[in-house]
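Novice: what would the 3D arrangement of this be:
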Amino acid sequence: QVQLVESGGGLVQPGGSLRLSCAASGIRLDWYVVGWFRQAPGKEREGVSCISSSTSNTYYADSVKGRFTISRDNAKNTVYLQMHSLKPEDTAVYYCAADSHRPCGTQFYDHWGTGTQVTVSS
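Specialist: Numbering: from 1, shown residues only. Presented below is the predicted three-dimensional model:
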């Protein structure tokens, strides 16, 4: 059974940092494309960042470029999203998702976590 579990969300002041984790069981994440997505209240889910499987190329939405970094720890079977200089507009539920076939840039991934809340507020 495949399971993705996000953690690391919370309440942070504007300008602060958080590191989200996406821990997998039942699959080897290094064989999968892994994406981070977010959904704010009343808004559609959007892609935030993605890391490819074979080359570990990384991709970022324009809104987070230069502030967020996606990375893998294959020994821990975990993908991270390091977030700096957080803004109130980054407030959302953040989800990780993984797929063995689809590339970065799509939301039609096979496996999804249940999300972790990130709130940026003073």
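
Novice: identify the bridge partners of the closest residue to residue 68 other than its chain neighbours.
Specialist: The spatial neighbour of residue 68 that comes closest, neighbours along the chain excluded (CB to CB, 6 or more residues apart in numbering), is residue 83 at 5.1 Å. To be clear about C-beta, it is placed using only N, CA and C from the backbone, and glycine gets the same treatment. Residue 83 has these beta-bridge partners by DSSP bridges: residue 18, residue 68.

Novice: quick check: end-to-end length of stretch 57-68?
Specialist: End-to-end distance for stretch 57-68, by CA to CA, to the nearest Å: 14 Å.

Novice: before we move on, the earlier item: verify the stated contact: the residue nearest to residue 68 with residue 91.
Specialist: No: counting by CB atoms under 8 Å, residue 83 stays clear of residue 91, with 11.5 Å between them.

Novice: who touches both of the two?
Specialist: residue 118 (CB atoms under 8 Å, 6 or more residues apart in numbering).

Novice: circling back: can you give me every residue that contacts the residue nearest to residue 68?
Specialist: Residue 83 neighbours (CB under 8 Å, 6+ apart): 17-20, 64, 67-68, 90, 118.

Novice: which residue would you name as the spatial centre of this protein?
Specialist: Here the mean C-alpha position of the chain is nearest to the C-alpha of residue 36 (CA atoms, centre = their mean), at a distance of 2.5 Å.

Novice: please, which helix or strand holds that residue?
Specialist: Residue 36 is part of strand 33-39, with elements assigned from DSSP states H and E.
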